[in-house]
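1. From the sequence below, what's the structure:
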Amino acid sequence: MTDVPTGRTPNVPAPERYEIRITGHLAPRWANWFDGMTLTQKDDGTTVIHGPVADQSALHGLFRKLSDLGLPLVSVTPTPGEAAADHTADPS
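-> This is a model prediction of the structure:
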């Protein structure tokens, strides 16, 4: 049987949390529409949407919601989850 490449790098897990920055301010009440993610309004006129994303399909779903609202995307940054942050702590 021949191994078929899947397009993913072996042994590199997909990020579980993302920080998505958009132009404009979204009121906190929109958090429910974004599956309970945290919305933070920044002084520079952007909003940061941060939280867990189940998989790439869910991430693309978030992009569609932003597009449906006509909100310009500024950046998408994978962020370490809580478990990853615990592993990077200094044990001493």
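
2. which residues of the chain score low on pLDDT?
-> 1-15, 81-92 (pLDDT under 70).

3. Look through it and tell me its longest helix.
-> Ranked by residue count under DSSP state H, the longest helix found in the chain is helix 56-69.

4. Name the next helix or strand downstream of that helix, please.
-> Going down the chain from helix 56-69, the next helix or strand is strand 73-79, by DSSP states H and E.

5. and that next one, what does it pack onto?
-> If you count contacts as 3 or more CB pairs under 8 Å, 6 or more residues apart in numbering; DSSP states H and E, strand 73-79 packs onto strand 17-23, helix 56-69. Yep, even glycine has a C-beta here, placed from its N, CA and C like the rest.

6. picking up where we left off before, which positions in the longest helix of the chain come out as buried?
-> Under the neighbour-count criterion of 16 or more other CB atoms under 10 Å, helix 56-69 has 59, 62, 66 buried.

7. wait, which of those residues is closest to residue 20?
-> If you rank the buried residues of helix 56-69 by distance to residue 20 using CB to CB, residue 62 comes first, at 6.7 Å.

8. Does that closest one touch residue 51 like I think?
-> No. The criterion here is CB atoms under 8 Å, and residue 62 misses it with residue 51 at 9.7 Å.
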